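Enquirer: need a structure here:
(2 chains)
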There are 2 protein chains.
Amino acid sequence: MQRNLSPWKNIKAGNIPTIELDPVIYRYISPGCRILDIGCANGKVSIPLALHGYFVTGIDINTDILRTARSSSEQKNSSHTPSFVKANASILPFPGATFDVAFMQALLGTVVSKDGRARVIREVCRVLKPQGHIYIADFGQTWRSKIYRERYINGLPVTKEEGSFLAYDEDTGEVAYTAHHFTEKELVLLLVENGFEVEYFRNDRFVTRTGNRVNGFVIVAQKV
Amino acid sequence: MQRNLSPWKNIKAGNIPTIELDPVIYRYISPGCRILDIGCANGKVSIPLALHGYFVTGIDINTDILRTARSSSEQKNSSHTPSFVKANASILPFPGATFDVAFMQALLGTVVSKDGRARVIREVCRVLKPQGHIYIADFGQTWRSKIYRERYINGLPVTKEEGSFLAYDEDTGEVAYTAHHFTEKELVLLLVENGFEVEYFRNDRFVTRTGNRVNGFVIVAQKV
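Expert: Predicted coordinates for the structure are as follows:
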């Protein structure tokens, strides 16, 4: 049974992952191009890019965090602001071939099934222009860490997917959300089987919301 | 059906992988300590370490390459030379608790089954002194590479193990050997299930014998 819990539905503004945008992205964007920031959270990436002349649309399913994003954006007193739209990554409210580049930072691992993730990638493919690019930064399975090894193993009977695990609410002890850490194989096949070709691939280490250092991937793939 | 073919049985001296020893090893060795270099090949690592005062034993199953190692070692005209011994990594001809540190560079991936690799790790555990260290550098599954992705997928029906693949003899077109590329999960579980605890773990990229850049791991684990 898949649990349909996302960490982003009840996350507090400010308490978001610390993955930094990889400068490789500047090979793929130029001022005037249309960027979709999927899971834009508080606008940390969308707002500065808009200020620099990119046309940015940020989407998120968390209403509170979108409010924070809009308010931060207004404080900049600039006419170059992103559009912030409440939307679900698997049903994007945009016509086909709208964007040049789409970002997803720490987003895919919050989509709780393989099928759900494939649906998101196909939607992104649809809204990208021909030869458009998708930029993904997400967490990798980190088996060397005893903490994560045990979370993957203990999570498996419930999540039914290796690399997925449960996170508990500190106050109530209830399951707060499920998340997924990827293997290289999973991410590569997810892209090549759903309309993309991998152009750039980098192994990294990221810090999670809870302060642990885990494996990470930065990938840029082209719509083919 | 497991094929029992090793790349090292018929490899030409000189034509060996280009993985360099990671300097992290110097945290774990001190002059006078006993080092076992498993799959020592032409002595590239064993010989300089012996010259620096470590007591090094190099083992390999390839007689020709051991001859090259001995002859290179003699040319140094030093009394500090390694012992080179023909031996199989899964039946080590040494008593228990003999060595402080054991090295395995590009060796584990040439052992063609999970059980075979577990046997090697348990043998290394046996010949290490209490709290001794194992140093492993080996190749990682590299799904972003179309070449390797296809080799893993095409190899699977024969090798029956994901990440294993066949290499063909250029002259005859026959299968020359099978090799395995690892996931982090495989290497970590191989160690923690067979007597070790991981102390150091690094993702790297290595160049294979055929000149391809692939993922690599450098791991140091302690006998517990």
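Enquirer: Name the nearest residue to residue A:29, sequence neighbours excluded.
Expert: Leaving aside its chain neighbours, residue A:29 sits nearest to residue A:101 (5.4 Å; criterion: C-beta to C-beta, 6 or more residues apart in numbering or on different chains). Bear in mind the C-beta positions are built from the backbone N, C-alpha and C, glycine included.
Enquirer: who's in contact with the one you found?
Expert: Going by C-beta atoms under 8 Å, 6 or more residues apart in numbering or on different chains, residue A:101 touches A:25, A:28-29, A:33-36, A:128, A:132-135.
Enquirer: which of those residues count as buried?
Expert: Neighbour counting with 16 or more other C-beta atoms under 10 Å in any protein chain shown marks A:25, A:28-29, A:33-36, A:128, A:132-135 as buried within the contacts of residue A:101.
Enquirer: Specify which member of those is nearest to residue B:51.
Expert: Among the buried ones among the contacts of residue A:101, residue A:25 lies closest to residue B:51 (C-beta to C-beta), at 48.0 Å.
Enquirer: Contacts only, for that closest one.
Expert: Listed by C-beta under 8 Å, 6+ apart, the contact set of residue A:25 reads A:101, A:103, A:135, A:220.
Enquirer: burial count for the last one?
Expert: Residue A:220 sits with 21 neighbouring residues when counted by other C-beta atoms under 10 Å in any protein chain shown.
Enquirer: Show me which residues of chain A sit near chain B.
Expert: When proximity is defined by C-beta under 8 Å from any C-beta of the partner chain, chain A lies next to chain B at A:141-144, A:149, A:183-185, A:188-189, A:198, A:201, A:203, A:215, A:219.
Enquirer: Of those residues, which belong to helices?
Expert: Mapping the residues of chain A next to chain B onto helices (DSSP state H) picks out A:149, A:184-185, A:188-189.
Enquirer: Tell me where chain A has helices.
Expert: A:46-51, A:63-75, A:114-127, A:146-159, A:184-192.
Enquirer: Quick one: distance of the second one to the chain centre.
Expert: What that stands for is helix A:63-75. The chain centroid and the centroid of helix A:63-75 are separated by 18 Å under C-alpha atoms, centre = their mean, to the nearest Å.
Enquirer: how about the strands of chain A, start to end?
Expert: In chain A, the strands defined using DSSP state E lie at A:34-38, A:55-60, A:83-86, A:99-105, A:128-140, A:164-168, A:175-180, A:196-207, A:213-223.
Enquirer: Ok, which of these comes nearest residue A:111?
Expert: Distance to residue A:111, taken as C-beta to C-beta, is lowest for strand A:175-180 among these, at 7.6 Å.
Enquirer: can I have that closest one written out in CSV, keeping just the CAs?
Expert: C-alpha atoms of strand A:175-180 as CSV (Å, rounded to 0.1, in the frame of the first residue of the first chain):
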residue,chain,number,x,y,z
VAL,A,175,4.3,9.1,10.5
ALA,A,176,4.7,12.6,9.1
TYR,A,177,5.7,11.7,5.6
THR,A,178,7.6,9.2,3.4
ALA,A,179,10.6,10.1,1.3
HIS,A,180,12.7,8.3,-1.2
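Enquirer: Report the inter-axis angle for that strand versus strand A:128-140.
Expert: Put simply, strand A:175-180 runs at 110 degrees to strand A:128-140, going by axes from the mean of the first three to the mean of the last three C-alpha atoms, to 10 degrees.
Enquirer: how about strand A:175-180: buried residues?
Expert: A:176-180.
Enquirer: Spatially, what comes nearest to residue A:117 if we skip its sequence neighbours?
Expert: Excluding its sequence neighbours, the residue lying closest to residue A:117 (C-beta to C-beta, 6+ apart) is residue A:111, at 4.8 Å.
Enquirer: okay but that neighbour is in contact with residue A:121, surely?
Expert: No - Residue A:111 sits out of contact with residue A:121 when judged by C-beta atoms under 8 Å, with a separation of 9.6 Å.
Enquirer: okay, these two: which has more neighbours?
Expert: Legend: neighbour count by other C-beta under 10 Å for residue A:111 and residue A:121, higher for residue A:121 (25 against 22).
Enquirer: Tell me how far the residue nearest to the more buried one when sequence neighbours are not counted lies from residue A:224.
Expert: Distances taken as C-beta to C-beta, 6+ apart place residue A:194 nearest to residue A:121, at 4.3 Å, with adjacent residues excluded. Distance from residue A:194 to residue A:224, counting by C-beta to C-beta, to the nearest Å: 10 Å.
Enquirer: Then residue A:139?
Expert: Using C-beta to C-beta, residue A:139 is found at 26 Å from residue A:224.
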